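[1] coordinates only, sequence not included:
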């Protein structure tokens, strides 16, 4: 086992454990904090896969943006003075069975597939390549995403105001 | 100017009034002024048809322009072989001339109606119907095959029904509409039989192809007799539409419609359609068929003329006069005076429309008074109407300088020549007699209406000259009845462009053996014949016609003037008392006054016969058919009682079982329908797992 | 055992399953959203793993970026919806919001 593998298992463990707590804890604020660790773990995985820029965006957008948004949502929709902000759960057993089966089947499929792998060297920095792609081949998608964000911004604002 | 252009023009001319009809009918209730659109459409059509006539006469004066397309392809029918039905347009001299006549009259009638019909509750609908009528009439004129002609023939029937019964609140008007429709149907049945005879023989409806086959010697059932039968059957259609004896009874009743409608339908266009039909099929008529046509025409010219002598309703006199004049045309066709018949059709259309519109003007001024006994002295009140009415009366009486003289004299000389060649002297004799009666009753009408002292002071005081929109058509129509439109020589049409250039001699396709002797082409005639102008009549006929011209002119002038003088002596100067003559010949007078008792005769025979037959059938129906029906009902009832039991127990049991079963299944499955997204997701996951197992590759 | 593509895929599968479990079992709408985010992250791991081990250049990473942008937009809209739901029903429990059932 080399250092790369050890780091992978470390990040994978962080990600999965915190994700497990996210979906099992009854306290919403705690769940949000565990989600933070999940995002960190996933960002680590990204780095291991040579996607430095995506990892940074993951931290900025998810941790800095979406997670904060979720916590705001929690605070707005619950009475903040209440000490335990808890949430109930429903049909946990059928869900556990179903998800377990699902995981088993997908896992079996993955394990039994002969994956064709090409191991290229990790590029020093993906940033300039990604930038060029964004304004060349993918410029239309890029613009559309910009419009989408604008629409989502206006839509969310007008919906929340009502 | 190409042939294609003319064909396109004719198609536009045909469909313009239909557009007017649809638009006016659809928007009539929303836009009160929409009738202007209809009038505008008619004006456009008039201009386009004038261009059509000009183009035809200038660039294609010697050819017939035909354009057709396949309408129905029935494929290979057993016994008949392949059947294809074509529709198409035909532009030749007579159709181009006729369409212009139709449009002139129709436009002027539209124009006249603007004021005449003002204030009517169904004002726009009236104009829509006029548009429909013009469309149908254009179809008859412009078509190249007899089937399409028959279709438009019926369309004309329905639109005239709508127009005659336009004031359907009046019982007499709706009755008149029905009468016109039903009487026409009798004639149309004959026409249908005739065209079916042609179709089973030649497998085509196209005039050109039928004529071509007959020229090659192919006859229906290979016999000249059947060709005669076909001709007479087709002529039946003309008997109905042109109100010929014995189906003439509908036309006088049709005067219940608005007066401009009478001018349009019952003077110039619809009734002319019958003559037009005979003109179209003239080339295939045998000598026997022509004799039948001539006799029918003669009777129709004579009988209504005698009736018109005594009638007191201004429109009825004109109606009988129309039947009489149409009889003239039919008789002219029967005696072979083809060109004069069509000539008279055109000239008569103008002056008769003028007379009808003039009577409409009078009726309008007198507040719907139609009885000439209550008129008189209107000359001073209505000078324009008087002048045009008088001029048209002169034209119809056949006095020189008018178009009526030219065409009528032509018909009479044709009949005279026919008499001298075949010995049938009755035709010219009746022709001159009718000419005299025509002059007499027309001037009787003029004198009683416009001259003398007013007999109804009250109505007279309120009478007034009509407005411009009503006077203008009268003036235009009477100007069109002047001779110089047709020929430079007021005494003979021979030199005129209309008679000698625009209308061509007919081409005869009938086998030589089935023609009159004078219509067989002889050596002398062949010297004048060329490919463009084939001469089909014999030289003897041309000479006989030439010789009869002189006597015919003198005689017709003589009878016309004597008729007019008689009218003046009796009604203007009162030298002879009309009442005394009526008293003296009481039975004759009553016979004429009651229209030869035709209506009563038909009531007693056909109507009563139909009623008796139907009551017999009703009895048969009630006793025998109903008996059978009742018997079967009893049996059915017994059977149904049994099946009812079966139904209740077995079938219903099965149905109820199915219902319970599905209710039970529904009870189970409704549990899955929770309305919660999360439940659905779980189910989805289970489904995916199951699907993966089903399609597993590991 | 050397880390290969399979490891990343198994990791992503587990994360995805946890996300599904979160979505299905939680009553609170915001918790459902958190599960959704987990699923999106799982798919992103897939994208980037295939980008690393496949011969596609950097397209996988680019798509991961697009997914992140979409996730941001989705979170904003979803929270606005949750707010409206809260105003209407006074709570945000998805299992009680079944008006469409009837």
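    Yep, it's here. Worth saying up front: this structure is predicted, and the values here are computed from it rather than measured.

[2] all contacts plus neighbour counts: C-alpha atoms, from now on.
    Noted.

[3] quick check, the worst-scoring helix or strand of chain C on mean pLDDT touching chain B?
    The helix or strand of chain C with the poorest confidence is helix C:59-89; it has a mean of 88 (mean pLDDT, DSSP states H and E). No: using CA under 8 Å from any CA of the partner chain, helix C:59-89 never reaches chain B; the gap is at least 14.9 Å.

[4] now that helix: buried residues?
    For helix C:59-89, the neighbour count (16 or more other CA atoms under 10 Å in any protein chain shown) marks C:59-86 as buried.

[5] my hunch is that residue B:119 is in a strand, does that hold up?
    No: assigned with DSSP: H, G, I helix; E, B strand; the rest coil, residue B:119 falls outside any strand and is coil.

[6] how near is it to chain C?
    60 Å (CA to the nearest CA, to the nearest Å).

[7] residue B:65 too?
    For residue B:65 relative to chain C (CA to the nearest CA), the value is 72 Å.

[8] so what's that residue closest to, chain neighbours aside?
    Excluding its sequence neighbours, the residue lying closest to residue B:65 (CA to CA, 6 or more residues apart in numbering or on different chains) is residue B:91, at 5.0 Å.

[9] thought that neighbour was touching residue B:60?
    No: contact criterion CA atoms under 8 Å: residue B:91 and residue B:60 do not qualify, at 9.7 Å.

[10] so these two - more neighbours on which side?
    residue B:91 (26 against 18; other CA atoms under 10 Å in any protein chain shown).

[11] now that one: phi and psi?
    Here is the backbone geometry of residue B:91 (degrees, to the nearest 10): phi -120, psi 110.

[12] that one: what's it in contact with?
    Shown in contact with residue B:91 (CA atoms under 8 Å, 6 or more residues apart in numbering or on different chains): B:7, B:10, B:56, B:64, B:65, B:66, B:142.

[13] burial count for the third one?
    Applying other CA under 10 Å, we find 25 other residues in the vicinity of residue B:56.

[14] from the chain's centre, how far out does the helix or strand residue B:321 falls within sit?
    Taking DSSP states H and E as the criterion, residue B:321 maps to helix B:314-334. Offset of helix B:314-334 from its chain centre (CA atoms, centre = their mean, to the nearest Å): 14 Å.

[15] list the beta-bridge partners for whichever residue of the stretch 201-350 of chain B sits closest to chain A.
    For the stretch 201-350 of chain B and chain A, the shortest gap (CA to the nearest CA) falls at residue B:206, measuring 65.3 Å. On the basis of DSSP bridges, residue B:206 is bridged to residue B:145.

[16] quick check: buried residues in the helix or strand hosting residue C:48?
    Here residue C:48 sits within helix C:29-53, counting by DSSP H and E. Across helix C:29-53, burial judged by 16+ other CA under 10 Å covers C:29-53.

[17] phi first, then psi, for residue 26.
    Here I'm looking at chain A. According to degrees, to the nearest 10, residue A:26 has phi -90, psi -20.

[18] nope, chain C please
    Dihedral angles for residue C:26 - degrees, to the nearest 10 - are phi -80, psi 140.

[19] buried residues, the helix or strand of chain A with the lowest mean pLDDT. List them.
    The helix or strand of chain A with the lowest confidence, counting by mean pLDDT, DSSP H and E, is helix A:67-77 at a mean of 83. Going by neighbour count (16+ other CA under 10 Å), the buried part of helix A:67-77 is A:67, A:69, A:70, A:71, A:73, A:74, A:77.

[20] returning to that earlier point: and the helix holding residue C:48, what does it pack against?
    helix A:3-24, helix A:28-48, helix A:67-77, helix C:5-25, helix C:59-89 (3 or more CA pairs under 8 Å, 6 or more residues apart in numbering or on different chains; DSSP states H and E).
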